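[1] Show me the folded form of this:
(one chain, ligands or ions: 1)
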Amino acid sequence: MASEHSGTHFDAIIIGSGFGGLYALHHLRDKMGLSVRAFDGAAGVGGTWWYNRYPGARVDAPSSPFYAYTFSKELVDEWEWKETQTAQGDVLAYLEHVADRFDLLKDIQFETWISDARYDEASQMWTIETEQGERATARFLICAVGALFVANMPDYPGIEDFAGECHHTGRWPHDPVSFEGKHVGVIGTGSSGIQSIPQIAKTAAHVTVFQRTPQYSLPARNRPIAPEELAGYREDWDDLRMSMCKRGGWPFKTNRRRASDYTPEDRHAIYEELWETGGIHLAINSFVGVLVDEDLNEEVGEFVRNKIRAIVQDPETSRKLMPDYHFGTKRLILDNGYFETYNRDNVSLVDLREDPIQEFTSSSVRTKHGEHPIDMLVLATGFDAVSGSMLKLNPKGRGGVSLQDKWSTRFDNYLGMTIAGYPNLFMIHGPGSPGVFFTMPLGAERQTAWIESCIRHLDAEGLGVIETTQAAEADWDHEINSIADHTLYPRTNSWYMGANVPGKPRQFLGHLRGSQYFDRLTEVAENGFDGFVFEKSTSAD
Ligand code: N01
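    Modelled structure (predicted):
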């Protein structure tokens, strides 16, 4: 596999240096010997973890040491995770360590936005152009642009006239933000809002939370991770890794209990135990089918609502906090004292369903029933998730067709990684892949391994181009949506469905069965790449 590198020409260009991009750089460069250049608009590695540095930001899934790379046992052995629910700063420090340890920084160009990425059919090459006007070409374009990157900004009348500090949680300043003595308005109660509100309330004079949808949130029960515990994981690492691959990204066997085998009282005792355990156990470890069986789901949902009722003292506030969608069908949130925060005197809640925002002034939010003076606004309003960052990059494929045109009504792709009309382009954590439904670092490793098998196949056969077909895309769309349609997920307006962004096509954006998905990738490679067409290499002619 020849390595080409002439300063501006590479075998592969990678966009992004978060978990996905960093691993792709290491794998393609160090394991395959390709010439690779990565670009990132940020000033450092980390992707999501570079940007989302709002107070309280932590991993919102089973965390240390499993929300991490698995490819290097040395790395597993040497990194000391501190807590079970890793804080943003510690994830970022880990990624900086990885970049340093594997000598990745020399091949990443930071503070560089890619303003254009265009495929040339004659040369079978991608050309990227940066905002500074530099150009580079490569045979392969790897888009590791992040599933949660493009900020979803509300467009309330007058919001641009607000004169105080305003920060989106996904674009949090690097300099410390002080809430001391301030009246802070927070819009949004997803993971970012629910993680940050208790922290902001500690020092702010007053926090007014503007809530559109009340949320289920489970106690994270974050705790220090003991050295013996970490040592045990290291000892069993190979088995744990295998288990992660088989079990949706997490190593622990989940319970296969059937709810109908238990009395309501026994089920309730199990919910109590799992609530005390914390994390996402209530959702994944109580009974089979919580996200499928409407009655069972309602029972678990009511259990959580009762917990909220028991925690929140003011009955009116408690009423407004009652979630009414199917439990677990929006991203599950793990909190550290969120509902308890409403018992503080300096926190109040506005239910935007009853009292919608009408406009902003320079110093307040006017809702239908009142005016809320604020001197700082925190927008915890989420992201144009999964598809948004690819659309922002907007690569131009065959015939110069832009992705924004191709994806104007549906995010067609095959295997969540390839797009018809966009040869030799690979997405990591793209729409239709397990992404956030799997452990993202491990998912990135396995998707990159599959990219390797594509490249090796091309080189072994003297081929220049691999490209999927529209027929394969249609089949894939059907497959991932029929998996989702077996569950309660599509019934809820969530970012999984694209429902959080006005006008976004409604489509389930992930593959719910991660292990099955990765088996499928292997199968496709072993069966000669079903669903793909190839072109001979023009440079070999
Ligand atoms: O965003 P969200 P997030 N007016 O979309 C509301 C990951 N994450 O940044 O529910 C008023 O979940 C919106 O209301 P609704 C994690 O996977 C990871 O919190 O759409 N409100 C919702 O309440 C997570 O799921 C970590 O009705 C508006 C909130 O804003 C994902 O990122 C930490 C509004 C947005 O919630 C996104 O989480 C944090 C409007 N115009 C997040 N527009 C870690 O692991 C939106 N909302 C560290």
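
[2] ranges for the helices of the stretch 151-300 of the chain?
    191-203, 227-235, 237-246, 264-277, 281-284, 294-311 (DSSP state H, counting those that start in this stretch).

[3] anything in the fifth one near the ligand?
    No. Using CB under 6 Å from any ligand atom as the criterion, no contacts between helix 281-284 and the ligand are found, and the smallest distance is 13.7 Å. For glycine as for every other residue, the C-beta is placed from the backbone atoms N, C-alpha and C.

[4] Quick check: residues of the stretch 51-200 of the chain near the ligand?
    Close to the ligand, as judged by CB under 6 Å from any ligand atom, the stretch 51-200 of the chain has residues 52, 57-60, 88, 148, 152, 154, 169, 187-193, 195.

[5] quick one: which of the residues you listed sit in strands?
    Those of those mapping onto strands are residue 187, per DSSP state E.

[6] mind checking which of the helices of the stretch 151-300 of the chain is nearest residue 511?
    Residue 511 lies closest, by CB to CB, to one member of those: helix 237-246, at 14.7 Å.

[7] Can you give me the buried ones in the closest one?
    237, 240, 241, 243, 244, 245 (16 or more other CB atoms under 10 Å).

[8] wait, what's in contact with residue 214?
    Residue 214 makes contact with 189, 320, 321, 322, 323, 324, 351, according to CB atoms under 8 Å, 6 or more residues apart in numbering.

[9] count of neighbours near the third one?
    The number of residues packed near residue 321 is 24, by other CB atoms under 10 Å.

[10] can you pull the contacts of the nearest residue to residue 329 once chain neighbours are set aside?
    Distances taken as CB to CB, 6 or more residues apart in numbering put residue 492 closest to residue 329, at 3.9 Å, once the chain neighbours are dropped. Counting by CB under 8 Å, 6+ apart, residue 492 makes contact with 325, 326, 329, 330, 499.

[11] quick one: which of these sit in strands?
    Among these, no member falls in strands (DSSP E).

[12] Buried subset of these, written for ChimeraX?
    Per 16+ other CB under 10 Å, the buried members of the contacts of residue 492 correspond to this ChimeraX selection:
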select :325,326,329,330
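
[13] As TSV, the contacts of residue 492 with distance to the ligand and pLDDT would be great.
    Below are the contacts of residue 492 laid out as TSV (distance: CB to the nearest ligand atom, whole Å; pLDDT from 0 to 100):
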residue	distance to the ligand	pLDDT
325	9	98
326	13	98
329	11	97
330	6	96
499	7	96
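
[14] Residue in the stretch 101-250 of the chain with the shortest distance to the ligand?
    residue 190 (2.1 Å; CB to the nearest ligand atom).

[15] Could you check how far that residue is from residue 492?
    13 Å (CB to CB, to the nearest Å).

[16] Residue 275 now?
    Taken as CB to CB, the span from residue 275 to residue 492 is 22 Å.

[17] Please apply the same query to residue 437.
    For residue 437 relative to residue 492 (CB to CB), the value is 15 Å.

[18] Output the helix ranked longest in the chain in PDB with nothing but the alpha carbons.
    The residue-count maximum for a helix in the chain (DSSP state H) belongs to helix 440-461. What follows is helix 440-461, C-alpha atoms only, in PDB (Å, rounded to 0.1, in the frame of the first residue of the first chain):
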ATOM      1  CA  MET A 440     -18.500   5.700  20.800                       C
ATOM      2  CA  PRO A 441     -14.700   5.100  21.200                       C
ATOM      3  CA  LEU A 442     -15.100   1.400  20.500                       C
ATOM      4  CA  GLY A 443     -17.600   2.100  17.700                       C
ATOM      5  CA  ALA A 444     -15.000   4.400  16.000                       C
ATOM      6  CA  GLU A 445     -12.300   1.700  16.300                       C
ATOM      7  CA  ARG A 446     -14.500  -0.900  14.700                       C
ATOM      8  CA  GLN A 447     -15.800   1.400  11.900                       C
ATOM      9  CA  THR A 448     -12.200   2.400  11.100                       C
ATOM     10  CA  ALA A 449     -11.200  -1.300  11.000                       C
ATOM     11  CA  TRP A 450     -13.900  -1.700   8.400                       C
ATOM     12  CA  ILE A 451     -12.600   1.300   6.400                       C
ATOM     13  CA  GLU A 452      -9.200  -0.500   6.400                       C
ATOM     14  CA  SER A 453     -10.900  -3.600   4.900                       C
ATOM     15  CA  CYS A 454     -12.400  -1.400   2.100                       C
ATOM     16  CA  ILE A 455      -9.000   0.100   1.300                       C
ATOM     17  CA  ARG A 456      -7.200  -3.200   1.400                       C
ATOM     18  CA  HIS A 457      -9.800  -4.700  -1.000                       C
ATOM     19  CA  LEU A 458      -9.400  -1.800  -3.400                       C
ATOM     20  CA  ASP A 459      -5.600  -2.100  -3.400                       C
ATOM     21  CA  ALA A 460      -5.700  -5.900  -3.700                       C
ATOM     22  CA  GLU A 461      -7.900  -5.800  -6.700                       C
END
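
[19] could you give the mean pLDDT of the helix or strand just after it?
    For helix 440-461, the following helix or strand on the C-terminal side (DSSP states H and E) is strand 463-468. Confidence over strand 463-468 (mean pLDDT, whole number) is 98.

[20] Any buried residues in whichever helix or strand comes after strand 463-468, and which?
    Under the assignment DSSP H and E, the closest C-terminal helix or strand after strand 463-468 is helix 470-485. Residues 472, 473, 476, 477, 479, 480, 483, 484 are the ones in helix 470-485 that count as buried (16+ other CB under 10 Å).

[21] need the residues you listed in CSV with distance to the ligand, can you?
    What follows is the buried residues of helix 470-485, written out as CSV (distance: CB to the nearest ligand atom, whole Å):
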residue, distance to the ligand
472, 28
473, 25
476, 23
477, 23
479, 23
480, 18
483, 19
484, 16
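
[22] Can you add distance to residue 431 and give those back as a markdown table?
    Listed next are the buried residues of helix 470-485 as a markdown table, based on distance: CB to CB, whole Å:
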| residue | distance to residue 431 |
| --- | --- |
| 472 | 15 |
| 473 | 11 |
| 476 | 10 |
| 477 | 10 |
| 479 | 13 |
| 480 | 9 |
| 483 | 14 |
| 484 | 12 |
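
[23] Name the residues of the stretch 401-541 of the chain found near the ligand, please.
    436, 495, 500.

[24] State the distance from the second one to residue 302.
    In this case it means residue 495. 24 Å.

[25] same check, this time on the last one
    When CB to CB is applied, the distance between residue 500 and residue 302 equals 25 Å.

[26] Those two - which one has more neighbours?
    Shown here are residue 500 and residue 302; by other CB under 10 Å, residue 500 has more neighbours (21 against 13).
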